[in-house]
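Engineer: Return atomic coordinates for the entry below.
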Amino acid sequence: MFNLKEVISVTLILFSVIDVVGSLPVIIDLRKKTGKIESERATFASGALMISFLFVGERILKLFGVDVASFAVAGALIIFLIGLEMILGRTIFKSEVSSGGATHIVPIAFPLIAGAGTLTTIISLRAEYQIVNIIIGIILNLILIYVVLRSSGWFETRLGSGGLEVLRKIFGIILLAIAIKLFKTNLIADF
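Structural biologist: Okay, the predicted model is just below:
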């Protein structure tokens, strides 16, 4: 059941997909517009979305007649596009950034943290890893997310725009490799 190697893999994959560090420019901008980020609420809402989708996501897929391997291949394509977006600096996926009262949920918890890429990755990971290891990976990521959200001002002054951009490119390359691995593994499973 518990496998440290799987936990580390899941944690790194989710950390790359969630890309809370790459989202720092958006988070910092929101903090400036709204005055503060509700780190606890954003983290809790993100965790609730991710864990709910881990357990209910497959049932939702069955309603539409889609198997997990096919969804994983689709997820691999989305992760690939997100990686390209990060490396090339082009926006493929558009998201609305609102400064309404629920800043901790929209856009931070959804779609920045628990967006389409993250939810797709969670269901894709379910095809390869044990659920307990995925839950531990999600919890470890939620801790990292909370720390980053809480420390967004500190990150802004320490890393600067150049440092944030370098991190974004590195995580983009990691995502491309993960997408290719998921694609190969699940495409072979279909044949």
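Engineer: What helices and strands are in contact with the helix or strand of the chain with the lowest mean pLDDT?
Structural biologist: Here the helix or strand of the chain ranked lowest by mean pLDDT, DSSP states H and E is helix 24-34, holding a mean of 75. Secondary-structure packing of helix 24-34 (3 or more CB pairs under 8 Å, 6 or more residues apart in numbering; DSSP states H and E): helix 131-150, helix 152-190. From N, CA and C alone the C-beta is placed, and that goes for glycine too.
Engineer: quick one: low-confidence parts of the protein?
Structural biologist: 93-104, 189-191 (pLDDT under 70).
Engineer: Go again with 90.
Structural biologist: In the predicted model of the chain, residues 1, 16-38, 57-62, 66-121, 123-124, 126-128, 152-191 satisfy pLDDT under 90.
Engineer: who's in contact with N141?
Structural biologist: Going by CB atoms under 8 Å, 6 or more residues apart in numbering, N141 touches 11, 14-15, 18.
Engineer: before we move on, back to that, quick check: what element follows the least confident helix or strand of the chain along the chain?
Structural biologist: Sequence order places helix 39-63 as the next helix or strand after helix 24-34, per DSSP states H and E.
Engineer: So which residues make contact with that next one?
Structural biologist: With CB under 8 Å, 6+ apart as the criterion, helix 39-63 contacts 67-68, 71, 104-105, 108-110, 113-114, 118-119, 122-123, 126, 131, 134-135, 138-139, 142, 145-146, 149-150.
Engineer: So which bits of that helix are buried?
Structural biologist: 39, 41-47, 49-51, 53-54, 57-58 (16 or more other CB atoms under 10 Å).
Engineer: same check, this time on stretch 118-125
Structural biologist: Per 16+ other CB under 10 Å, stretch 118-125 contains these buried residues: 118-125.
Engineer: and that stretch, how far from the chain's centre?
Structural biologist: What separates the centre of stretch 118-125 from the centre of its chain is 9 Å, taken as CA atoms, centre = their mean, to the nearest Å.
Engineer: Number the residues from 303 up from this point.
Structural biologist: Sure, I'll start numbering at 303, so the last one becomes stretch 420-427.
Engineer: Now it - C-alpha only, PDB.
Structural biologist: Provided in PDB are the C-alpha atoms of stretch 420-427 (Å, rounded to 0.1, in the frame of the first residue of the first chain):
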ATOM      1  CA  THR A 420      -4.600  19.200 -11.800                       C
ATOM      2  CA  LEU A 421      -7.900  17.200 -11.900                       C
ATOM      3  CA  THR A 422      -6.900  15.500 -15.100                       C
ATOM      4  CA  THR A 423      -3.600  14.600 -13.600                       C
ATOM      5  CA  ILE A 424      -5.200  13.200 -10.400                       C
ATOM      6  CA  ILE A 425      -7.400  10.800 -12.400                       C
ATOM      7  CA  SER A 426      -4.400   9.900 -14.600                       C
ATOM      8  CA  LEU A 427      -2.300   9.100 -11.600                       C
END
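Engineer: contacting residues around it?
Structural biologist: Identification of contacts with stretch 420-427 by CB under 8 Å, 6+ apart yields 312, 315-316, 319-320, 351-352, 355-356, 359-360, 363, 370, 373-374, 376-378, 380-381, 436, 439-440, 484, 488.
Engineer: Many thanks, have a good one.
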